[in-house]
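Undergrad: next input, structure requested:
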Amino acid sequence: MRVLMIEDDAALARSIATLLRAGGHAVDHCTGGEEALTLVSGEPYAVVILDVGLPGIDGFTVLERLRRRGDRVPVLMLTARDGLDDRVRGLDLGADDYLRKPFDPEELEARVRALGRRRGGDPVPVVTIGALTLNRSTGQADVAGRPLALRRREWAVLDALATRAGQVVPRELLLAEVFGYDEPVGPNAIEVHVTRLRSKLGSAGPQIRTIRGVGYLIDAG
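TA: Sure, this is the predicted structure:
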């Protein structure tokens with residue numbers, strides 16, 4: 001998934017980004033509300049992590065503006081405040097979840113995954129295509145019981161294709177979901193990962209087909 005994190009604490013932002021990237025997610029980061037509103041309007045984020053205590057316009061205002069313009073992207077709010085009124089206010093404005101600092105990193109990642117499944121309309125975290133099984137909760141995949149050793153971006157590409165099995169996934173969408181906007185991307189980056197995935201899936205796994213000039217399709221099995 002592609003995640004936008006709006007957090008002005010640099011150390012915390014680095015730790016969250018490292019955690020989520022290790023889980024196979026592409027993470028964009030900004031520190032201010034105005035920039036966040038611009039980014040959300042132009043990118044297909046699966047989840048937004050929004051700190052309440054931002055400089056300038058605060059997290060509540062960012063959330064209110066998102067919902068007012070009809071943006072339904074799932075929002076997980078982070079706050080150092082422990083008052084019930086703040087939590088109620090965030091939920092009333094349209095927050096999907098709320099997490100108080102300090103938090104357990106594994107809980108944050110689990111909540112992000114749950115919100116991402118809600119965004120995709122897929123409440124089931126396990127995807128099966130023929131002999132391929134993808135467990136989106138654990139980040140593990142296997143073909144006919146054989147575990148696949150996948151790198152972070154290989155997982156992200158496979159997840160994006162598998163959750164749209166039988167559909168052509170445009171190359172531009174894969175780039176948006178796999179890479180952050182500030183990450184360097186080579187001209188053949190997606191092709192490299194697809195080639196590696198084909199090798200790892202082998203003859204027993206589903207076929208990934210190239211739709212020339214458009215993108216890729218994984219057979220539905």
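Undergrad: the lengthiest helix in the chain: how far from the chain's middle?
TA: Ranked by residue count and defined by DSSP state H, the top helix of the chain is helix 105-120. Distance of helix 105-120 from its chain centroid, counting by Cα atoms, centre = their mean, to the nearest Å, is 9 Å.
Undergrad: other residues contacting the helix or strand following that helix?
TA: Next in sequence after helix 105-120, counting helices and strands by DSSP states H and E, comes strand 126-129. Residues outside strand 126-129 that contact it (Cβ atoms under 8 Å, 6 or more residues apart in numbering) are 133-137, 159, 162-163, 165, 206, 218-221. (C-beta placed from N, C-alpha, C; glycine too.)
Undergrad: give me the mean pLDDT for strand 126-129.
TA: Regarding strand 126-129, the rounded mean pLDDT is 89.
Undergrad: name every strand pairing with it and say which way it goes.
TA: Partner strands and pairing direction for strand 126-129 (DSSP bridges) are strand 132-135 (antiparallel).
Undergrad: let me see the contact set for the closest residue to residue 110 other than its chain neighbours.
TA: Once flanking residues are discounted, residue 110 sits nearest to residue 137: 7.9 Å by Cβ to Cβ, 6 or more residues apart in numbering. Neighbouring residues of residue 137 by Cβ under 8 Å, 6+ apart: 110, 113, 125, 126.
Undergrad: what's the burial count for the last one?
TA: When you say that, I think you mean residue 126. By the criterion of other Cβ atoms under 10 Å, residue 126 has 11 neighbours.
Undergrad: tell me which residues form a beta bridge with it?
TA: Beta-bridge partners, per DSSP bridges, of residue 126: residue 135.
Undergrad: roughly how far does it sit from residue 218?
TA: Counting by Cβ to Cβ, to the nearest Å, the gap from residue 126 to residue 218 is 16 Å.
Undergrad: one step back: can you select the buried ones from the contacts of strand 126-129 in PyMOL?
TA: Only the buried entries of these go into this PyMOL selection, using 16 or more other Cβ atoms under 10 Å:
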select buried, resi 133+134+136+159+162+163+165+206+218
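Undergrad: and the contacts of strand 126-129, which two are the farthest apart?
TA: By the measure Cβ to Cβ, 137 and 219 form the most distant pair in these, at 23.9 Å.
Undergrad: just checking, what packs against whatever helix or strand residue 29 lives in?
TA: Residue 29 is part of strand 26-30 when elements are defined by DSSP H and E. With contacts defined as 3 or more Cβ pairs under 8 Å, 6 or more residues apart in numbering; DSSP states H and E, strand 26-30 has these neighbours: strand 2-6, helix 10-22, helix 33-42, helix 171-178.
Undergrad: okay, those in JSON lines with mean neighbour count and mean pLDDT next?
TA: What follows is the helices and strands packed on strand 26-30, written out as JSON lines (neighbours: other Cβ atoms under 10 Å; pLDDT from 0 to 100):
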{"stretch": "strand 2-6", "mean neighbour count": "24", "mean pLDDT": "93"}
{"stretch": "helix 10-22", "mean neighbour count": "15", "mean pLDDT": "90"}
{"stretch": "helix 33-42", "mean neighbour count": "16", "mean pLDDT": "91"}
{"stretch": "helix 171-178", "mean neighbour count": "18", "mean pLDDT": "83"}
